[in-house]
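K.L.:
Give the three-dimensional model of this entry:
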Amino acid sequence: MKKKKLLTITIINTIIFFSACSNKENNFKKEIKPQEVSIYNIIGISEPIKNQYRNHSEEEVIQDIEYISYRDNNPPIQTYRQNPYQTIKNIEYSAKRFLGVPYVWGATGPDKFDCSGFTQWVFRDVGINIPRVSRDQAKVGEYVSFNNLQPGDMVFFDTHKKRTGKVSHVGIYLGNGNFIHASSAGKKVVIYNFNEKPFYKKRFLWGRRLVNSDFRYAYN
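P.N.:
Numbering: from 1, shown residues only. Predicted coordinates:
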């Protein structure tokens with residue numbers, strides 16, 4: 001009899017124990033919520049938040065997006081404003097460095113020049129790019145008459161045996177009637193004066209001004 005009672009008590013306790021474990025497991029499962037993962041989490045940006053705008057309609061707004069750039073660290077091309085008076089001084093300095101360099105037709109420097117190769121090199125030295133040949137250089141910048149020439153202006157001539165009115169030669173005005181150029185007659189880079197060389201005054205066509213207070217220069 002005692003054995004039957006003991007067996008009955010054991011069975012009842014076992015049933016109660018497993019029932020309790022089962023309830024605890026169910027409660028534990030209820031407490032664990034699966035992690036919510038959305039496409040926004042996967043690509044690494046914040047979840048959209050809903051805001052009510054315009055007629056109470058809902059719009060999704062993505063915030064806190066971080067952009068990653070794979071550009072190199074080289075600075076972009078920038079612009080700066082340079083003092084025009086200093087630029088003119090730099091033009092004169094650059095031009096005079098080549099005094100005595102031989103004239104060779106078609107040469108662009110720096111050990112030999114033709115007239116337009118010389119002017120192109122000098123202006124490029126100060127950050128101003130101009131065309132290669134004199135007839136194209138004569139089309140850029142501001143037109144300047146002989147009486148209004150200022151240092152740093154390009155000066156253009158018709159040096160053909162018979163005057164045609166077409167540009168065939170170029171130099172750079174230095175002031176006080178002086179201009180510097182790569183001369184085919186002088187066979188080198190020289191400084192001439194209009195009063196001392198009346199041929200050039202007679203064959204002068206016009207000047208071109210590239211340097212003024214509003215000019216901007218680009219550098220790399």
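
K.L.:
give me the low-pLDDT residue ranges for the protein?
P.N.:
1-82, 213-220 (pLDDT under 70).

K.L.:
Identify the residue nearest Glu142 in space, chain neighbours excluded?
P.N.:
Setting aside the residues directly before and after it, Glu142 is nearest to Arg209 in space (C-beta to C-beta, 6 or more residues apart in numbering), at 4.3 Å. Placement of C-beta: from N, CA and C, glycine included.

K.L.:
Now do the contacts for the one you found.
P.N.:
Gly141, Glu142, Val144, Gln150, Gly152, Asp153, Met154 (C-beta atoms under 8 Å, 6 or more residues apart in numbering).

K.L.:
could those residues go into JSON lines alongside secondary structure and distance to Glu196?
P.N.:
Listed next are these as JSON lines, based on DSSP: H, G, I helix; E, B strand; the rest coil; distance: C-beta to C-beta, whole Å:
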{"residue": "Gly141", "secondary structure": "coil", "distance to Glu196": "27"}
{"residue": "Glu142", "secondary structure": "strand", "distance to Glu196": "27"}
{"residue": "Val144", "secondary structure": "strand", "distance to Glu196": "21"}
{"residue": "Gln150", "secondary structure": "coil", "distance to Glu196": "20"}
{"residue": "Gly152", "secondary structure": "coil", "distance to Glu196": "21"}
{"residue": "Asp153", "secondary structure": "coil", "distance to Glu196": "19"}
{"residue": "Met154", "secondary structure": "strand", "distance to Glu196": "20"}
